[in-house]
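Undergrad: return a 3D structure for these sequence lines:
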Amino acid sequence: MALKIVLIDDHEVVRAGLRALVDAQDDMTVVGEAGTVEDGVRRVGLDEPNVVVLDVRLPDGSGVDACRQIRERFPDVKVLMLTSFADDEALMAAILAGASGYVLKRIKTEDLVSDIRRVGAGESLLDPEMTDRLFARIRGGKSEDPLLGRLTGQERTIVELIADGLTNKQIAEEMFLAEKTVKNYVSNVLAKMGMSRRTEAAAHVARVKAERSDAEPPEDWG
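TA: Next up is the predicted model:
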């Protein structure tokens, strides 16, 4: 039986190229396409694919967030992340979201076809050394929260101000930045954390702070 593939990428030209490549194979076929997180998750539910080829960056959110939603709702569906950039942080996010593979768009066409087959067969394409290194960092000495650990110092300041309830305009005034710059920072923060809404990021920061507060010993400790 042919592998059923759903393509999720916001560039129509990329999707057309991928469709032509996949449909040229005897053992796989494209059953659906989408250009956003929302449409992509919906198409997976409607088309029941075996494999989703998913762009890391989408206009309405992170492909990592889409991967997480797909894996939670349809655990039998395998996800192959496709990206233009080699990024350890994005790789770590993809691993945590349940992706079976993470490949660059400059991959050779025959290698991409092979990777889709392997993911469809249940193989993992994630390099063991890299995944071990990333998980060791997550478990490392400082017990750094893995999501906040992806952010730069400036980005962490911004997400903490979001958690305090500040708007983009208020953050811009607080940090002496242009409001447009803050908006770009917020988009990057949400993408790195694999989230689509600022309320999710705010809730996560609040939860981390609460957990750290509960873990702190009393003043007369030992």
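
Undergrad: quick one, phi psi at the nearest residue to residue 93 once chain neighbours are set aside?
TA: Take residue 93 and drop its neighbours on the chain: the residue closest to it by C-beta to C-beta, 6 or more residues apart in numbering is residue 64, 4.4 Å away. To be clear about C-beta, it is placed using only N, CA and C from the backbone, and glycine gets the same treatment. Backbone torsions for residue 64, taken as degrees, to the nearest 10, come to phi -60, psi -40.

Undergrad: what's in contact with the helix or strand encompassing residue 208?
TA: Using DSSP states H and E, residue 208 sits within helix 198-215. Outside of helix 198-215, the residues that reach it under the criterion C-beta atoms under 8 Å, 6 or more residues apart in numbering are 145, 147-148, 159-160, 162-163, 165, 186, 189-190, 193, 195.

Undergrad: tell me which of those fall in helices.
TA: Using DSSP state H, the members of these that fall within helices are 159-160, 162-163, 186, 189-190, 193.

Undergrad: quick one: which of these is nearest residue 10?
TA: Residue 10 lies nearest to residue 190 out of those, by C-beta to C-beta, at 16.0 Å.

Undergrad: the closest one is in contact with residue 162, isn't it?
TA: No. In terms of C-beta atoms under 8 Å, residue 190 does not count as a neighbour of residue 162; the distance is 9.5 Å.

Undergrad: would you map the strands across this protein?
TA: Using DSSP state E, the strands of the chain run over 3-8, 28-34, 51-55, 57-58, 61-62, 78-83, 101-104.

Undergrad: as CSV, those strands with distance to residue 152, mean pLDDT and mean neighbour count would be great.
TA: Listed next are the strands of the chain as CSV, based on distance: least, C-beta to C-beta, whole Å; pLDDT from 0 to 100; neighbours: other C-beta atoms under 10 Å:
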stretch, distance to residue 152, mean pLDDT, mean neighbour count
strand 3-8, 28, 96, 23
strand 28-34, 31, 96, 19
strand 51-55, 23, 95, 26
strand 57-58, 18, 87, 20
strand 61-62, 17, 83, 23
strand 78-83, 19, 91, 24
strand 101-104, 22, 86, 19
